[in-house]
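S.K.: Quick one, what's the 3D model for this:
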Amino acid sequence: MKAPGGIEAFVLAAVDHLGGAAERGPDGLYTILWQAEEGGEPDTRRLAFDPDALEDAPEAEMVTLGSPTLEQLLQRVASRGRVAEAFLSLPAGSLRGARDRLARTFHFAEAAWEPAEGRPQWAPAGMFLFRARYLSDSQEEELVEVALNLADGRLLRRLGEAIEKHGMAPEPWEAWPTAEELPLGEAWAVVRAELERRLVASLGRRRRALEGRLRRESGRAAGYYEEFIRELEEQSAGLPADDPRRAALASKVRAVAAEREGRLAELAAKYRLEVEVALLSVLRLYLPRLVVPGRLTGKSRAADLPLVWDPVEQTWEPARCCRCGTFTYELGLDRSGSPACPTCLQTPARPAAPSKR
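M.R.: This next block holds a predicted model:
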């Protein structure tokens, strides 16, 4: 039988660490002895990790990223004095295969890179789960997940797939060093910008749909009131100029016009779109990386340039330009001997300001 992986493996390990027990049934569902909080009685739950298993057991709980059961497990692990963190179950690997990809990934301008022996480390990542609630004539919700490499600030687009494929462990299975993290403010700025980018697209779709409904309903309402006003004005036009009923009809026209404006304002308010965003949880996930020290050597200059192999994606991570700080797969040595991107290589470095005496 294939060993469980991904979220399934993590949940089973977490239940065991919390003093519970799990048994897999022939229907693919797990019967979980759920250890209660202090002073409470343990209870039994049925959990599913495959949607097909719910067909014959709709009362079971489906466990996915962001599901209440998984979030509750993380909170309980944290409340017991343990860090709410997980480690991806994948070896850092070796440079076998990485050397072949190096030539296809990096381009070194008039320089060559010679690697030394790689050393594995854990790269911290953050999985930020947000709930976006869209409020208009109805209420809709969606979950938005933003994954970030906390060591360099790069967004991780396929982290959920990696978890499902390789699995997680609540404890490190290798005592590797951990990469230094960015300041919290810098990491949060990247997460917030990505969240806003995703919400803008979702808001645009919903806003266009609401504006279409608003135009249709406002058009019908305006047409109804305009027809009413036209009938009143026709009645008034058929009366003598000194007929006292003309004043009453004029007053009624003003009342209908005011009612029309009020109704149109109600429709505009009904289809006004607002969004409420709440951060539901943050999962700290440590990813294996292979840091490869190396030296970039040109015609007359050389500089140390460590590169990082990502065994999850089976690719090299981009390097950072020493001058502008951007990530790049194209590097060369500038006049000062620093690894730089093509743009900086074409831009003369500014001379250092003279020291004041």
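S.K.: all contacts plus neighbour counts: C-alpha atoms, from now on.
M.R.: Fine.
S.K.: May I ask you to confirm that residue 128 belongs to a strand?
M.R.: Yes. Counting by DSSP: H, G, I helix; E, B strand; the rest coil, residue 128 is located in a strand.
S.K.: hang on, isn't it packed against residue 150?
M.R.: No. The criterion here is CA atoms under 8 Å, and residue 128 misses it with residue 150 at 11.5 Å.
S.K.: Looking at these two, which one has more neighbours?
M.R.: Using other CA atoms under 10 Å, the more surrounded residue of residue 128 and residue 150 is residue 150, with 25 against 21.
S.K.: Assign a three-state SS to the closest residue to the more buried one other than its chain neighbours, would you?
M.R.: Spatially, and ignoring its direct neighbours in sequence, residue 150 is nearest to residue 125 (5.0 Å; CA to CA, 6 or more residues apart in numbering). With three-state DSSP as the basis, residue 125 sits in strand.
S.K.: you'd agree residue 283 is in a strand?
M.R.: Yes. Counting by three-state DSSP, residue 283 is part of a strand.
S.K.: Show the pLDDT at it.
M.R.: Predicted confidence (pLDDT) for residue 283: 84.
S.K.: how near is the nearest residue to it once chain neighbours are set aside to residue 86?
M.R.: Nearest residue to residue 283, sequence neighbours excluded (CA to CA, 6+ apart): residue 127, at 5.0 Å. Relative to residue 86, residue 127 is positioned 11 Å away (CA to CA, to the nearest Å).
S.K.: which neighbours do the two share?
M.R.: Shared contacts of residue 127 and residue 86 (CA atoms under 8 Å, 6 or more residues apart in numbering): 283-285.
S.K.: JSON lines for those residues, including distance to residue 252 and neighbour count?
M.R.: Converted to JSON lines, these look like this (distance: CA to CA, whole Å; neighbours: other CA atoms under 10 Å):
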{"residue": "283", "distance to residue 252": "63", "neighbour count": "17"}
{"residue": "284", "distance to residue 252": "66", "neighbour count": "19"}
{"residue": "285", "distance to residue 252": "69", "neighbour count": "25"}
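S.K.: and the residue nearest to residue 283, what is it in contact with?
M.R.: Contacts for residue 127 (CA under 8 Å, 6+ apart) come out as 145-148, 282-285.
S.K.: From residue 160, how far off is it?
M.R.: 9 Å.
S.K.: try residue 224
M.R.: With CA to CA as the criterion, residue 224 and residue 160 are 53 Å apart.
S.K.: Looking at these two, which one has more neighbours?
M.R.: residue 160 (15 against 12).
S.K.: So the more buried one, which state does it fall into?
M.R.: When classified by three-state DSSP, residue 160 comes out as helix.
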